[in-house]
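S.K.: Let me see the structure of the following:
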Amino acid sequence: MIRLTTDRLIIRDPLPTDIDTWHRLLSDPKIMYYLLDIMTHSLEESQQNLDVAIAEAKSPHRTKYFFAVEDKKTGAFVGTIGYAVTSITPAGKAAGAGYFILPEYHGQGITTEALRELMRFAFEDDGVYRLETGCLSENRASERVMQKCGFIKEAERKSYAWHDGRLKDRVEYHLLREEWADAKATSPLTLNGVFVHGLGQDSSSWDKVISVMPESFHAHCPDLFALINGAETDYQSLYRAFSDYCGGIPEQLNLCGLSLGGVLALHYTIDNPARVQSLTLMGTQYKMPKTLLRIQTIVFKIMPGFFFKKQGVDKHDFMKMFLPLMESMADLDFSAGLSGISSPSLIICGDRDGANKKAAKGLAEGIPNAKLRFVNRAGHELNAESPDELAAILSEFWA
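M.R.: Modelled structure (predicted):
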């Protein structure tokens, strides 16, 4: 049985006991949106898929190496990753790689970490000389994983695949064993960034920003409300969960937070100055304005239900979560902790974000050596409104 390990993961051959989460993964239309050809539609189909994978793992002439990925700390099933050998030559094996991860583990660098270990196994242990992979061009998150792992774009095929009712483009990547060895020897130091979304957003709200960041950049994008996993939605519970998440990343952090995410990032930096390499705050209040909180509550109350459905949540569930959170934040005041922040800090605000301009100036004045930057013709949600400009500002700041 093959068993690989990384800092956070165990990558192993599948087991019969994986069936429940295996089925959940393969049968979920959102997870399998870009892999509809292998999506299953019943527990029986998922069981057949798992049985084939288990049988292949035992075969002396194995050509398919698709592994279960689990969380090393909790033992929880995370997803699957692997490759299929497409040809065997005197130079070695050529193979095509693929991966898919459960949504609660998105935005944490899990797929990148797993793929890097898979590459090491393929090139060092299994005689693979060429790995190929690819995705539809619109699947920017998957392409970003390929780029971060050093894969080289080989082709962009126009109108290549019929998918979801229309023709779509596809990008294809490859990596040779010698290219992998050269890249590993000369790779730049990885910069770990933690992008923390605002209220009404989720981890995917950073996708457009991250897609144009430098390839050496390793992004962690926690989904805040998935972190608390059914616990009470008050600020202290959320902050504890966020602190635990940050504590699971061994390297120093470059925190980048928007709105609620900025409040959490600011709080964590004050509490853990040695853990934070740099701090970026956008649309962030350091002393909660009760009037603004009341206005924000009213705005969410009058928003139509379809707005919340677009975000993948029910309005009733969101308000049930939102109101206790706002009430628990009303007395937050980090004014006294600003002067103790020693990490390089950047305060960013859209020039149309009138509700947060005063706080942006206060943060820039209160945090030693902080820089203040306004983004022209932008409002509050800079990651959605001005992703390219925001990525350029962050790349310059982190250079």
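
S.K.: give the contact list for G96.
M.R.: Each residue near G96 by CB atoms under 8 Å, 6 or more residues apart in numbering is listed here: 83-84, 86, 131-133. C-beta coordinates here come from the backbone N, C-alpha and C atoms, glycine included.

S.K.: I meant K158, not that one.
M.R.: D169.

S.K.: Local confidence estimate at it?
M.R.: Per-residue pLDDT puts K158 at 95.

S.K.: In whichever helix or strand it is part of, which residues are buried?
M.R.: Element membership for K158, per DSSP states H and E: strand 152-163. Using 16 or more other CB atoms under 10 Å as the test for burial, strand 152-163 gives Y160.

S.K.: Drop anything exposed from the contacts of G96.
M.R.: The neighbour count (16+ other CB under 10 Å) marks 83, 131-133 as buried among the contacts of G96.

S.K.: would you list every one of the strands in this structure?
M.R.: 3-5, 9-12, 64-71, 77-89, 92-101, 128-136, 152-163, 166-176, 191-196, 217-220, 253-258, 276-282, 345-350, 371-375 (DSSP state E).

S.K.: Out of the ones you listed, which gets nearest to Q296?
M.R.: Of all the strands of the chain, strand 253-258 sits nearest to Q296, with 14.0 Å by CB to CB.

S.K.: follow-up on the earlier one: just put the strands of the chain in a markdown table and tack on distance to A241.
M.R.: As requested, those are exported to a markdown table (distance: least, CB to CB, whole Å):
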| stretch | distance to A241 |
| --- | --- |
| strand 3-5 | 25 |
| strand 9-12 | 20 |
| strand 64-71 | 16 |
| strand 77-89 | 18 |
| strand 92-101 | 20 |
| strand 128-136 | 31 |
| strand 152-163 | 36 |
| strand 166-176 | 35 |
| strand 191-196 | 12 |
| strand 217-220 | 14 |
| strand 253-258 | 15 |
| strand 276-282 | 18 |
| strand 345-350 | 24 |
| strand 371-375 | 30 |
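
S.K.: and the angle from the strand holding K158 to strand 166-176?
M.R.: When axes from the mean of the first three to the mean of the last three CA atoms, to 10 degrees is applied, the directions of strand 152-163 and strand 166-176 differ by 150 degrees.

S.K.: Strand 152-163: partners in the sheet, and parallel or antiparallel?
M.R.: If you go by DSSP bridges, strand 152-163 pairs up with strand 166-176 (antiparallel).

S.K.: Can you pull the domain assignment for this structure?
M.R.: Taking automatic domain parsing as the reference, the chain has its domains at 3-184, 191-398.

S.K.: Low-confidence ranges, the chain, go.
M.R.: Counting by pLDDT under 70, the ranges of the chain that qualify are 184-190, 215-216, 230-232, 292-293, 306-314, 316-321.

S.K.: Not counting sequence-adjacent ones, nearest residue to the residue nearest the centre of it?
M.R.: Geometric centre of the chain, nearest residue: G107, 1.2 Å, by CA atoms, centre = their mean. Counting by CB to CB, 6 or more residues apart in numbering, G107 lies nearest to C221, which is 2.9 Å off, once chain neighbours are set aside.

S.K.: Is it correct that the one you found is in contact with W206?
M.R.: Yes. Counting by CB atoms under 8 Å, W206 is a contact partner of C221 at 5.0 Å.

S.K.: Spell out which residues are contacts of both of these two.
M.R.: Common contact partners of C221 and W206 (CB under 8 Å, 6+ apart): 107, 195, 197.

S.K.: Distance-wise, check the residue at the greatest distance from the centre of the chain relative to H61.
M.R.: No residue in the chain sits farther from the centre than P90, which is 39.0 Å out by CA atoms, centre = their mean. Distance, P90 to H61, by CB to CB, to the nearest Å: 18 Å.
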